[in-house]
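Asker: build me a model from this:
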Amino acid sequence: MRRMTAGEPRNSRIQRAVVQLILDRRLPPGAPLPTEPELMEDLGVSRNSVREALKALQALDIVEIRHGYGTYVGQASLTPLVDGLTFRTLTRQGTDAGALAEILQVREVLEEGLIRRVAATITEPELARLESVVSRMEAAARAGLPFPELDREFHELLYAPLGNALVPQLLGAFWTVFHRVADARGWSAVPAPGDTVRRHRDIVTALRAHDTEGAQRAMTVHFHAIEARAAGETG
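Answerer: Got it, this is the predicted structure:
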């Protein structure tokens, strides 16, 4: 029987035990978990306790319950973080500007640090892909069309050279929270399209010159413009 730590709520202990079982057995995402009877025996708990723990872990994307098929190891995505941050931001009554600024500031700090690494290593093919996205932004701006997904694509491509799988997930989480909140409040929360295109092009220009300081400055200007627009929308 797997031992569970005393001194914490029973459901939390069972959740922790299931997580430890996954780790001990080195089960990858998508791998099947033991059946409910097996978990009951292994953990020494009731069927209801197992089900409650699994439901809680499903909400965290640690397990995936496929009704009629069984329970599997989840992807451990950042979806719970996105949902929690969105809820936190939307429920901060009377402090919309401050709450939105917090989300932007975290993204800004991450991207200003990361772009310094990109500037030193980015290749010509990677620059070409970024320039292609900026050109599509420009075409959308001329046509009077919004291009939030192109903005997201730009930032995802920007950090792809780092080879860090967590970076696009984390930045994507903050991007999603920001736009969910902006949409819920009816804000545009982005600078004028032409300005947005220009600021992204300035980032690419600095990167092409492998100008680390210039790339960081261009990123700072980009975020300060978004922050100013968001403050104006929420003021």
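
Asker: please make it C-alpha for all contacts and neighbour counts, starting now.
Answerer: Fine.

Asker: list the contacts for F147?
Answerer: For F147, the contact set (CA atoms under 8 Å, 6 or more residues apart in numbering) comprises M137, A140, A141.

Asker: please redo it, this time with the cut-off set to 7 Å
Answerer: F147 is in contact with M137, A140, counting by CA atoms under 7 Å, 6 or more residues apart in numbering.

Asker: from A99, how far out is it?
Answerer: 24 Å (CA to CA, to the nearest Å).

Asker: and E131, how far from W175?
Answerer: Distance from E131 to W175, by CA to CA: 21 Å.

Asker: try H224
Answerer: 15 Å.

Asker: who's more crowded, those two?
Answerer: Set H224 next to W175 and count neighbours by other CA atoms under 10 Å: W175 wins out with 19 against 16.

Asker: ignoring the adjacent residues along the chain, who's closest to that one?
Answerer: R152 (7.5 Å; CA to CA, 6 or more residues apart in numbering).

Asker: avg pLDDT for the host helix or strand of that neighbour?
Answerer: Using DSSP states H and E, R152 falls within helix 148-159. Helix 148-159 shows a mean pLDDT of 93.

Asker: packing partners for that helix?
Answerer: If you count contacts as 3 or more CA pairs under 7 Å, 6 or more residues apart in numbering; DSSP states H and E, helix 148-159 packs onto helix 124-142.

Asker: elements contacting the helix it packs on?
Answerer: Using 3+ CA pairs under 7 Å, 6+ apart: helix 124-142 touches helix 148-159, helix 193-208.
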